[in-house]
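*Asks:* sharing a model prediction with you, sequence too.
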Amino acid sequence: MSLLGTAARTRTLESGTFWCPRERGHRRYQLRSVRRWAQVGHFPLFPVATLGTFLECGSCQAPFAPTALQPRDQRGLEDMLTVALRRAAGRVLGAGSALSTEQQREAVILLQRYASVPYRLVDLDSDIAAASDGESELSSFAGTLNDHAREVVIDIGAQLATAVGDGEPERMDAVREIAGELGIPCANAQTSLDERLQQALDRRLGRAVPLPS
């Protein structure tokens, strides 16, 4: 019976401080490399392949691509969209009545489909708290997100507004305010937004939604 085999081993390449997308603040990080080693029993002999590198937040232990070390204004559209979605979600869900546990879970499931990082109930609580502290301004994204990304933010906001209370006026108003801050490039932006909100409400109530023309 041969004792020769392989195993994946991780080592730290460097450490420092970065802006954590999940916790939305500066945290310590470790840049880790994963390599496959040939070994005899439990004793490593030599590396045979590099499997990749990843960034690990020292606070939440979440893994990120090494590009997370780039300055925030140089990150890709996907990361910017996630931040915008989280700010919008905090605004919409923080308006109106308090959320039940089931409504919180429903909101998290919806946001998990679009966020570029894992999204949990604790993240939802953090985003709602940030919104209540006035940290959910979205006008800075008007010039950085393209038209499609800004409309995604509005669509998700509309779905959240209707998924957690069947369209409470306070949450509807929050989505309208966000649309104004994002500068949606449409002459009838208000009419378009109302249609999105109505369609999201129809989906929530199980009514037929017309297909887009």
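*Replies:* Arrived safely.
*Asks:* so residue 97 belongs to a helix, correct?
*Replies:* No. Judged by DSSP: H, G, I helix; E, B strand; the rest coil, residue 97 forms no part of a helix; its state is coil.
*Asks:* mind checking how far the most centrally placed residue in the chain is from residue 22?
*Replies:* By CA atoms, centre = their mean, the chain has its centre lying nearest to residue 115, at 3.0 Å. Note on residue 115: its distance to residue 22, by CB to CB, to the nearest Å, is 9 Å. Just so you know, the C-beta spots here come from the backbone N, C-alpha and C atoms, and that holds for glycine as well.
*Asks:* list the buried residues in stretch 21-32.
*Replies:* For stretch 21-32, the neighbour count (16 or more other CB atoms under 10 Å) marks 21, 22, 24, 27, 29, 30, 31, 32 as buried.
*Asks:* from those, which has minimum pLDDT?
*Replies:* Confidence by pLDDT is poorest for residue 24 among those, given 71.
*Asks:* with residue 86 as the reference, measure out to that residue.
*Replies:* Taken as CB to CB, the span from residue 24 to residue 86 is 7 Å.
*Asks:* for residue 111, same thing?
*Replies:* Counting by CB to CB, the separation of residue 111 from residue 86 is 8 Å.
*Asks:* need the residues touching each of the two.
*Replies:* Common neighbours of residue 111 and residue 86, counting by CB atoms under 8 Å, 6 or more residues apart in numbering, are residue 119.
*Asks:* can I get stretch 132-151 in PDB, CA atoms only?
*Replies:* Only the C-alpha atoms of stretch 132-151 are listed here, as PDB (Å, rounded to 0.1, in the frame of the first residue of the first chain):
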ATOM      1  CA  SER A 132     -31.400  55.000   9.900                       C
ATOM      2  CA  ASP A 133     -28.100  56.800  10.600                       C
ATOM      3  CA  GLY A 134     -28.300  58.600   7.200                       C
ATOM      4  CA  GLU A 135     -25.500  56.500   5.500                       C
ATOM      5  CA  SER A 136     -27.600  55.400   2.500                       C
ATOM      6  CA  GLU A 137     -27.100  58.300   0.100                       C
ATOM      7  CA  LEU A 138     -27.200  56.900  -3.500                       C
ATOM      8  CA  SER A 139     -26.600  60.100  -5.600                       C
ATOM      9  CA  SER A 140     -22.900  59.200  -5.800                       C
ATOM     10  CA  PHE A 141     -23.800  56.200  -7.900                       C
ATOM     11  CA  ALA A 142     -25.700  58.200 -10.500                       C
ATOM     12  CA  GLY A 143     -22.500  58.800 -12.500                       C
ATOM     13  CA  THR A 144     -20.800  55.400 -11.800                       C
ATOM     14  CA  LEU A 145     -23.500  52.800 -12.500                       C
ATOM     15  CA  ASN A 146     -24.700  52.400 -16.100                       C
ATOM     16  CA  ASP A 147     -28.400  52.700 -17.000                       C
ATOM     17  CA  HIS A 148     -29.100  48.900 -16.700                       C
ATOM     18  CA  ALA A 149     -27.400  48.700 -13.200                       C
ATOM     19  CA  ARG A 150     -29.400  51.700 -11.900                       C
ATOM     20  CA  GLU A 151     -32.700  50.200 -13.200                       C
END
